[in-house]
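>>> predicted model, plus sequence, below.
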Amino acid sequence: MNRRAVAVNAALAAFAALTLAPLAWMASASLMAPGEASVLPPPLLPRSPTLANYGELFATAGIGRQVANSAFVAASATGLSLLFNLGAGYAFAKLRFAGRDATFRTLLGALVVPGQVAMMPLFLMLKQVGLVNTYAGALVPWLASVFGIFLVRQYALSIPDELLEAARIDGAGELRIFTTIVLPLLKPIVVTLAVLTFLGAWNDFMWPLIVLTDRELQTLPVALAGLSREHVQDTELMMAGSVVTVLPVLVLFLVLQRYYLRGLLMGSVKG
Amino acid sequence: MKRSAAGWLFVAPALVAIAVFFVVPVVGALAMSFTDFDIYALADLRNLRFVGIDNYVRLVRTPLFWQALSNTLYFVVLGVPLSILVSLGAALLLDSRFARFKAFYRTALFAPVVTTVVAVAVVWRYLLQPRYGLLNHALAALGVDPIDWLGDPPWAMPAIILLAVWKNFGYNMIILLAALQTVPAELYEAARIDGANAWRRLRDVTLPALAPVLLMVSILTMAGHFQLFAEPYVMTQGGPAQRTVTVLYLMYDEGFKWWNLGSASAVAFVLFALMFAVTLMQLRLARNAESA
């Protein structure tokens, strides 16, 4: 009995240590002096921790610009996603209209199409209207999402109809009901959708790589991929770049973990 | 305001956005895959010609396409079961009544999921470095000779699988953990009274109870694995010897490096068809297993 308890906890500790090791090494190497990580045997900790790599990253490589780009794109994507998905998700759950369920089923069906299929024509469409190499071009795929609508709908189903009926009898319009009664009730799922979208947009790579070619406009992952090709030998500098890219989302996740995991679990029941 | 009209007004912005920025492009991609849309058409649409199924025929005759297909399938066939196995192991440990500090371990094990794939691919490129990388040094302690993970053709895809398992196992771990917690305790109690040991309880109680969730998890994980792109883009650029060129990597190169957008669209639809077929196959297998 006791032996098994020890085994389980030892296994968990080892598992967690292995999982965190790459991230810990990333943070540690980012504080090493240039070239320090590439000696034998490779050191685990910096001899004398220095922020020099971060200094070079921001001063010379000018990564502050890309941090700002990423923050702006991710925040805008979040705002847009809330704007488009909240009303739609609520309506699919609580408002009756002709063709509602068929439309919703069709939307869910669209989930089988991988998003990358749309990328070639979408690029041409944006080129036609001059949105290639703009923030707007990077944001277009984040406007509305089937997943977001689904998430909000599942949550909104739990709103009691009597509440809405009572407001209607009092003469409230549908928009007013939505803003004053429904939105406050949806708050938890609003946070969930916001975290999921922010992290998704921050971490996204392929579409920003395609649509943002101008370095001044690039998001962190795109800039980091480019930097890593130019600075193959600069281990410590690249680790600092990785920390700058990963840390904001990791912190955001730690703070809002509960909401993030709720979204993950709700999304997984759609199968 | 009539309620039916209100409903449509609420969903209209989202539907229009999805129609314009998703449905139209997807249909457009299908149409484009039957044209020779290339850099000349990009400059002047009058250079565009309808070529029927030529793009698909040419793909089938291109060795790199088959290479990309087999690389992708290798990643899926090896990576998905491995990833789910690790997720299941972690979930079982976390679900154990002996486990302490569950919340901490759950967060620690989940952390890689929320990291940026490009950043961790950069990190892993150095961890996998043959001379100074920590992985080879850890292996050396076990008596394993250094492996040129990203430079030796047979090792490159396994290295990417390793990264993918590390990065993604936490996702399914959370789903499986939630499912484990819904298995009634009486079932385990009954099995224990019947004298079933831990292994028998896992095989006869836990796994059957998890079957529907495992099916869903494997379908979602597979869909994700078919879309491998950023890892090879950052770590290997498709090499060595084109052993990490994936279908999506091929699509990106065709479309946005060589500007053969017609041919890239054909690649995209092959990927879509493949994912669709594999998902259907899985559902059918599951149904047969259920009725058997």
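Right, received. Where do you want to start?
>>> biggest helix in the chain by residues?
Picked chain A for this. Longest helix of chain A, by residue count under DSSP state H: helix A:235-267.
>>> wait, chain B was what I had in mind.
Looking across chain B with DSSP H, the single longest helix is helix B:63-95.
>>> circling back: what about the longest helix of chain A, average pLDDT?
pLDDT averaged over helix A:235-267 equals 95, rounded to a whole number.
>>> for stretch B:129-143, same thing?
So the average pLDDT for stretch B:129-143 ends up being 94.
>>> before we move on, what about stretch B:5-23?
Stretch B:5-23 comes out at a mean pLDDT of 96.
>>> just the buried residues of it, please?
B:6-11, B:13-15, B:17-18, B:21-22 (16 or more other CB atoms under 10 Å in any protein chain shown). Yep, even glycine has a C-beta here, placed from its N, CA and C like the rest.
>>> reformat the residues you listed as CSV; add distance to chain A and secondary structure.
Shown next, in CSV, are the buried residues of stretch B:5-23 (distance: CB to the nearest CB, whole Å; DSSP: H, G, I helix; E, B strand; the rest coil):
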residue, distance to chain A, secondary structure
B:6, 4, helix
B:7, 3, helix
B:8, 5, helix
B:9, 8, helix
B:10, 3, helix
B:11, 4, helix
B:13, 5, helix
B:14, 4, helix
B:15, 7, helix
B:17, 4, helix
B:18, 5, helix
B:21, 5, helix
B:22, 6, helix
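>>> for the residues you listed, give me a markdown table that also has distance to residue A:31.
Output for those, formatted as a markdown table (distance: CB to CB, whole Å):
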| residue | distance to residue A:31 |
| --- | --- |
| B:6 | 57 |
| B:7 | 56 |
| B:8 | 56 |
| B:9 | 55 |
| B:10 | 51 |
| B:11 | 51 |
| B:13 | 47 |
| B:14 | 45 |
| B:15 | 50 |
| B:17 | 44 |
| B:18 | 45 |
| B:21 | 43 |
| B:22 | 44 |
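>>> of these, closest to residue B:101?
residue B:14 (41.9 Å; CB to CB).
>>> and the closest one, what does it touch?
A:84, A:85, A:87, A:88, A:143, A:144, A:149 (CB atoms under 8 Å, 6 or more residues apart in numbering or on different chains).
>>> report all helices and strands that the helix or strand the second one falls within contacts.
Right, residue A:85. Residue A:85 is located in helix A:64-94, with elements delineated by DSSP states H and E. In this structure, helix A:64-94 makes packing contacts with helix A:100-109, helix A:135-139, helix A:146-156, helix A:187-203, helix A:220-230, helix A:235-267, helix B:3-18, judged by 3 or more CB pairs under 8 Å, 6 or more residues apart in numbering or on different chains; DSSP states H and E.
>>> for the helix or strand just after the third one, list every residue counted as buried.
Sequence-wise, the next helix or strand downstream of helix A:146-156 (DSSP H and E) is helix A:161-169. Buried residues in helix A:161-169, defined by neighbour count with 16+ other CB under 10 Å: A:164, A:167.
>>> so helix A:161-169 versus helix B:3-18, what angle?
110 degrees (axes from the mean of the first three to the mean of the last three CA atoms, to 10 degrees).
>>> what's helix A:161-169 packed up against?
helix A:174-177.
>>> so does the helix it packs on get close to chain B?
Yes - using CB under 8 Å from any CB of the partner chain, we find that helix A:174-177 touches chain B at A:174, A:175.
>>> run the chain-centre distance for that helix.
Its chain's C-alpha centre and that of helix A:174-177 lie 30 Å apart, by CA atoms, centre = their mean, to the nearest Å.
>>> residue B:217 touches residue B:176, doesn't it?
Yes - counting by CB atoms under 8 Å, residue B:217 does reach residue B:176; the two are 6.8 Å apart.
>>> mutual contacts of those two, please.
The contact lists of residue B:217 and residue B:176 share residue B:87, where a contact means CB under 8 Å, 6+ apart.
>>> any idea of the mean pLDDT for stretch A:208-217?
pLDDT averaged over stretch A:208-217 gives 96.
>>> so does that stretch get close to chain B?
Yes - for stretch A:208-217, a contact with chain B is found by CB under 8 Å from any CB, at A:209, A:210.
>>> tell me the buried residues in that stretch?
Buried, per 16+ other CB under 10 Å, within stretch A:208-217: A:208, A:209, A:210, A:211, A:212, A:217.
>>> brilliant, that's me finished.
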